[in-house]
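Asker: Here is a sequence with its predicted model. Questions after.
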There are 2 protein chains.
Amino acid sequence: MKPMSNHEGFVLRLENFLPYRLVVAASLVSQATARTYATKYGIGIAEWRVIAQLGEFGTMTAKQIGTRSHMHKTKVSRAVATLTRKKMLAKRANRDDKREAFLSLSPIGLEIYESIAPAAQALSQRMFGEVSAEDRAAFERVLDTVTARAAALADTGAELPD
Amino acid sequence: MKPMSNHEGFVLRLENFLPYRLVVAASLVSQATARTYATKYGIGIAEWRVIAQLGEFGTMTAKQIGTRSHMHKTKVSRAVATLTRKKMLAKRANRDDKREAFLSLSPIGLEIYESIAPAAQALSQRMFGEVSAEDRAAFERVLDTVTARAAALADTGAELPD
DNA sequence: GCAAAGTAGTTACAAATGAAACCAATGTCA
DNA sequence: TGACATTGGTTTCATTTGTAACTACTTTGC
């Protein structure tokens, strides 16, 4: 599409601008998944991400969950609180450091995990399914370098929405 | 990294899970850019996106801006309001349809655009600069298909296969 | 041992957000 | 024409979010 700008200077073509396209794509993906998790499983994105971490790694502190998932610590704290209220999490005190606690999935939480994880996989398949193996590999490479670069640039502090 | 889960069923490896990686990458990119725009130009992401659209296309209605940029209409409305307050936008009534108005950049808005656009380009270069042309092309292809798929899933509210 | 500095996690508060109600103008169709 | 649906855009309201302040605990340096 040709830009119709009425000025002479620098013109940024958003439709070719990768940061913009990346953010738009991610926000659509995020919406689609959020909707599915919410309507079919009554669970928010932050909660799901906590469950997913614990489902994969078994036992973690809130801090570790936050670091691994790039979630703000207040978001983790709140997600953990609601999941605890819903009896999906088990919290075990750490005797060697009473500030933190070891979190893991309760039987109910595990049940949820075991039902959502394949559904998430299927949803991913629907979004990325028709991508060739080569393109997929390239895509992953680019995601890696960009993630590293952007993390370095964003470094001085702030955190993620979804 | 090896999963340490203590259960036997399905395990989703988030570090290989594309939707997740996409969202994380985008959110880091978004943060990095937001920070730059905010601190260096005193402008928010939504406002910048409105400016960017108008800088590229000259004149648009709020509806068109929303559609092209995938922004919620209230977000567009608010961004337009603050930009108008800052005298960065010119609003011209549409005589043929009094509900909408034609928006474009004022001289001040254009000045901002001309100063941010190259900075955005430079920032993008820093994030995607070391990506090869082939990988970049593949990346764009994948973004396109995923954007289309996710958009379809997001607004139909399609269900998951069971 | 102890004060100062740092860390895990929670909470208070203010800003950003989206769903839904709303307003004014336009389109539709009998 | 005139009722009714629709659309562009704004506003209201409840929720979500992040920043900063805070609590409780731990580490460091002396």
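Answerer: Now that the structure is in, tell me what you want to look at.
Asker: can we go C-alpha only for contacts and neighbour counts from here?
Answerer: Noted.
Asker: quick one: the helices in chain A?
Answerer: Listed in chain order, the helices of chain A (DSSP state H) span A:18-41, A:45-57, A:62-69, A:73-85, A:107-128, A:133-154.
Asker: Between helix A:107-128 and the first one, find me the angle.
Answerer: With axes from the mean of the first three to the mean of the last three Cα atoms, to 10 degrees defining the directions, helix A:18-41 sits at 130 degrees from helix A:107-128.
Asker: Residues touching helix A:18-41, excluding its own?
Answerer: Outside helix A:18-41, the residues that touch it by Cα atoms under 8 Å, 6 or more residues apart in numbering or on different chains are A:14-15, A:43-45, A:48, A:116, A:120, A:123, A:162, B:19, B:22-23, B:26-27, B:29-30, B:69-70, B:124, B:140, B:143, B:146-147, B:150-151, B:153-155, B:157, B:159-160.
Asker: Turn the buried ones among these into a named ChimeraX selection, would you?
Answerer: Of the contacts of helix A:18-41, the buried ones can be selected in ChimeraX as follows, counting by 16 or more other Cα atoms under 10 Å in any protein chain shown:
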select /A:14,43,44,45,48,116,120,123 /B:19,22,23,26,27,29,30,69,124,140,143,146,147,150,151,153,154
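Asker: Tell me which of the helices of chain A sits most buried.
Answerer: helix A:45-57 (a mean of 23; mean count of other Cα atoms under 10 Å in any protein chain shown).
Asker: and that one, is it in reach of chain B?
Answerer: Yes: on the criterion Cα under 8 Å from any Cα of the partner chain, helix A:45-57 is in touch with chain B at A:52-57.
Asker: now check the lowest-mean-pLDDT helix or strand in chain A, is it near DNA strand D?
Answerer: Here the helix or strand of chain A ranked lowest by mean pLDDT, DSSP states H and E is helix A:18-41, holding a mean of 89. No: Helix A:18-41 is not in contact with DNA strand D by Cα under 7 Å from any atom of the strand; minimum separation 10.1 Å.
Asker: ok, A:Met88 to A:Lys40 distance?
Answerer: 17 Å (Cα to Cα, to the nearest Å).
Asker: picking up where we left off before, for the least confident helix or strand of chain A, the distance to its chain's centre please.
Answerer: Using Cα atoms, centre = their mean, to the nearest Å, the mean C-alpha position of helix A:18-41 is found 10 Å from that of the whole chain.
Asker: Helix B:62-69 and that one, what's the angle between them?
Answerer: Going by the same axes, to 10 degrees, helix A:18-41 is angled at 90 degrees with respect to helix B:62-69.
Asker: Of the helices of chain A, which is nearest B:Arg92?
Answerer: Minimum separation from B:Arg92 across those (Cα to Cα) falls at helix A:18-41, 27.8 Å.
Asker: angle of that closest one against helix A:45-57?
Answerer: Using the same axes, to 10 degrees, helix A:18-41 lies at 80 degrees relative to helix A:45-57.
Asker: Now helix A:18-41 - C-alpha only, CSV.
Answerer: Taking Å, rounded to 0.1, in the frame of the first residue of the first chain, the C-alpha atoms of helix A:18-41 are listed here in CSV:
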residue,chain,number,x,y,z
LEU,A,18,8.8,-5.1,12.4
PRO,A,19,8.4,-4.0,16.0
TYR,A,20,4.9,-2.8,15.1
ARG,A,21,3.9,-6.0,13.3
LEU,A,22,5.3,-8.1,16.1
VAL,A,23,3.4,-6.3,18.7
VAL,A,24,0.1,-6.4,16.7
ALA,A,25,0.6,-10.2,16.0
ALA,A,26,1.3,-10.9,19.7
SER,A,27,-1.7,-8.9,20.9
LEU,A,28,-4.0,-10.8,18.6
VAL,A,29,-2.5,-14.1,19.7
SER,A,30,-2.8,-13.1,23.3
GLN,A,31,-6.5,-12.1,22.8
ALA,A,32,-7.3,-15.3,21.1
THR,A,33,-5.8,-17.5,23.8
ALA,A,34,-7.1,-15.3,26.6
ARG,A,35,-10.6,-15.7,25.3
THR,A,36,-10.3,-19.5,25.0
TYR,A,37,-8.8,-20.0,28.5
ALA,A,38,-11.3,-17.6,30.0
THR,A,39,-14.5,-19.0,28.4
LYS,A,40,-13.6,-22.7,28.5
TYR,A,41,-11.7,-22.9,31.8
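Asker: thinking again about what came up before, can you list the residues of helix A:45-57 next to chain B in CSV and add distance to A:Arg136 and pLDDT?
Answerer: CSV is the format used below for the residues of helix A:45-57 next to chain B (distance: Cα to Cα, whole Å; pLDDT from 0 to 100):
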residue, distance to A:Arg136, pLDDT
A:Ala52, 23, 96
A:Gln53, 23, 96
A:Leu54, 27, 97
A:Gly55, 25, 96
A:Glu56, 23, 96
A:Phe57, 25, 96
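Asker: And those, which two are furthest apart?
Answerer: Maximum distance among the residues of helix A:45-57 next to chain B (Cα to Cα): 8.5 Å, for A:Ala52 and A:Phe57.
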